[in-house]
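got a sequence here, can you model it:
(chains A and B)
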Amino acid sequence: MYNWLTDCVFYVAAALLVVSSLLVITSRNPVRSVLFLVLCFFCSSILWMLLEAEFLALVLIFVYVGAVMTLFLFVVMMLHIDLEKLKTNFVRYLPIGALIVLGMIGLMGYIIAPEHFSLLAPAHHGADYSNIKELGTALYTHYVYPFELAAVILIVAIISAISLAHRGPRGRKSQDVPSQLNIQRNDRVRLVDVPAEKKE
Amino acid sequence: MLDAIVALIIILIKIIVIVVPLLGAVAYLTLAERKVIGFMQGRIGPNRVNILGLRGMGQPIADGLKLVFKEIIVPSEANSYLFIIAPIVTIAPALAAWAVIPFNHGWVLANVNAGVLFVFALSSLGVYGILIAGWASNSKYAFFGALRSAAQVVSYEIAMGFALVVVLIAARSSNLQDIILAQQGGLWHWYWLPLLPMFVVFWIAGVAETNRLPFDMAEGEAEIVAGFHVEYSGISFAIFFLAEYANMILIAALTSIFFFGGWLSPFEGIPVLGTLFGWVPGIIWFLAKTAFFSVLFIWLRATFPRYRYDQIMRLGWKVLIPVTIVWIVVTSLAVELHVGPWFS
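Numbers count the residues shown, from 1 in each chain, chains lettered A, B, ... in the order given. Model (predicted):
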């Protein structure tokens, strides 16, 4: 019924996605790049929504946009990135970069080729069809071992990243909250009896 | 083509019906805040702008007019494009989240299956306005406010998300209407009782997420002047203000939906009271609950001093998140064993 409307939404979101992803790599200011990347995620989430993958679309927003990109922005805002310094080795790294780009384009071409990736629209489901329920059933029955394995790998990655970056309490003035909360009046306040001085 | 346009117009009318009263509520919540805090501190509060003889009733309108006609000052070193866009980025998610809020049975703009996720996704977008505002202002105080706020929101979002997961497990649905209908049966069937720790966690995380006292590290008048919006003036400042209050009402509405039965009557199933209050339409109950939690925000603000920054982080990561993880296990067991009147 809303074919005409969904087409409009698709073309606007797709155009915005292409433009903003171009701006991610062309804008000179790193903070702007990150913000355009956020816009990219937002547009691709709209496209996923049109494909009736509402769970993935919303997860993309609250995991990538809401948490990951916030931390990215956080770091990029505090870094001082000198663009001139980055450009100095441009020619030296150009061959390696070109090789990687070619490899990636080849892989993409292989994956998105018609035999692996059809351009047919997904089957349309009624309003009572719950995307989340289907996804949950698939993840926790057929794919439960790969799912658990992925979780374990992520945990290992987190622990190893923390243990690599953790430096221990060296010269850190950390707060001991229980002792702060258990403080009594007598520990802090000392009443001193000062005798009144006689006026000369 | 024509029916699509008609559908579009109907949706637009629905949006206006939701947003206009919401903005009115926001305006009068600012007055309520000043009046309630005035009452708690033994003052009168604003009482000069009268409407129909009610003292102070015109104050929000007067404030709004004043802010509209003030000059918008863009600092000379600021990134002017992002500086202007930041308030818009802040208010858009605060208003868009209302699309899935059910006001009564069937009174909802978009009855989507992933309603909880939608609300959560939009509430996580709100931090961008603050971050962009703080960075684009090119001011140290604004930047500090933005960084504090970002760290705080990201930390409390985890606790809030886990609290919502528990609600999902209990209701076995992420549709907001289904969550309310799962709580049917009067005051004792609402989820505040079986999920009491989650209610507390959700409420604290909600207060932290809206940057309200005692968690308003983003503003912290005593330390960083006014935080991320220190450089804003006129209507661009007013929009930040509007977004903050719209978010407060949103959190209040969500709390009443997830833990206090939304539009359901508290006296359902009680012999005499149930029939006595049977005529009250659901939206009255919903609005009453939302109003109560909105006032609770103000009450908290007038009661508690501001948290210290490291204590905020400690509370979020070391207290709230472990509590939610424990309660996920407890609720899953309760649902599996069909405990009590809630999960049978």
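
C-alpha from now on. contacts and neighbour counts both.
OK.

and for A:Met77, the neighbour number?
19 (other Cα atoms under 10 Å in any protein chain shown).

list the buried residues of the least confident helix or strand in chain B by mean pLDDT.
Comparing every helix and strand of chain B by mean pLDDT, DSSP states H and E singles out helix B:221-224 as the least confident one, with a mean of 72. Within helix B:221-224, the residues that count as buried by 16 or more other Cα atoms under 10 Å in any protein chain shown are B:Ile224.

what packs against the following helix or strand past that helix?
Next helix or strand after helix B:221-224 toward the C-terminus (DSSP states H and E): helix B:234-259. On a contact count with 3 or more Cα pairs under 8 Å, 6 or more residues apart in numbering or on different chains; DSSP states H and E, helix B:234-259 meets helix B:2-40, helix B:59-68, helix B:80-96, helix B:176-181, helix B:196-209, helix B:282-303.

now the element after helix B:234-259, going C-ward?
The helix or strand immediately downstream of helix B:234-259 is helix B:271-276, counting by DSSP H and E.

avg pLDDT for that following helix?
Taken as a whole, helix B:271-276 has a mean pLDDT of 78.

packing partners of the helix or strand harbouring A:Ser44?
Under the criterion DSSP H and E, the helix or strand holding A:Ser44 is helix A:30-50. In terms of contact count using 3+ Cα pairs under 8 Å, 6+ apart, helix A:30-50 is assigned the packing partners helix A:3-26, helix A:54-59, helix A:69-78.

list, one by one, the residues from chain A near chain B.
Contact residues, chain A versus chain B (Cα under 8 Å from any Cα of the partner chain): A:1-2, A:4-5, A:54-55, A:58-59, A:61-62, A:65-67, A:70, A:74, A:77, A:130, A:132.

again, only using 7 Å
When proximity is defined as Cα under 7 Å from any Cα of the partner chain, chain A approaches chain B at A:Tyr2, A:Trp4, A:Leu5, A:Phe55, A:Leu58, A:Ile61, A:Phe62, A:Gly66, A:Ala67, A:Phe74, A:Ser130.

OK, contacts around the last one?
The neighbourhood of A:Ser130, defined by Cα atoms under 7 Å, 6 or more residues apart in numbering or on different chains, consists of B:Asn113.

tell me the pLDDT of it.
So, for A:Ser130, pLDDT stands at 74.

if I look at the spatially most central residue of chain A, how far off is B:Ser124?
Most central residue of chain A, judged by C-alpha distance to the mean C-alpha position with Cα atoms, centre = their mean, is A:Val68 at 2.2 Å. Between A:Val68 and B:Ser124 the distance is 11 Å, computed by Cα to Cα, to the nearest Å.

ditto for B:Ala27
For B:Ala27, the distance to B:Ser124 equals 24 Å [Cα to Cα].

about what we covered before: dump the least confident helix or strand of chain B to PDB, restricted to CA.
Presented in PDB, the C-alpha positions along helix B:221-224 are these (Å, rounded to 0.1, in the frame of the first residue of the first chain):
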ATOM      1  CA  GLU B 221      27.000  24.900  37.900                       C
ATOM      2  CA  ALA B 222      29.400  25.000  40.800                       C
ATOM      3  CA  GLU B 223      32.300  23.400  38.800                       C
ATOM      4  CA  ILE B 224      31.900  24.000  35.100                       C
END
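
and it, how far out from the chain middle?
The chain centroid and the centroid of helix B:221-224 are separated by 24 Å, computed with Cα atoms, centre = their mean, to the nearest Å.

circling back: among the helices and strands packed on helix A:30-50, which is the most enclosed?
Using mean count of other Cα atoms under 10 Å in any protein chain shown, the stretch among these with the largest mean neighbour count is helix A:54-59, at a mean of 21.
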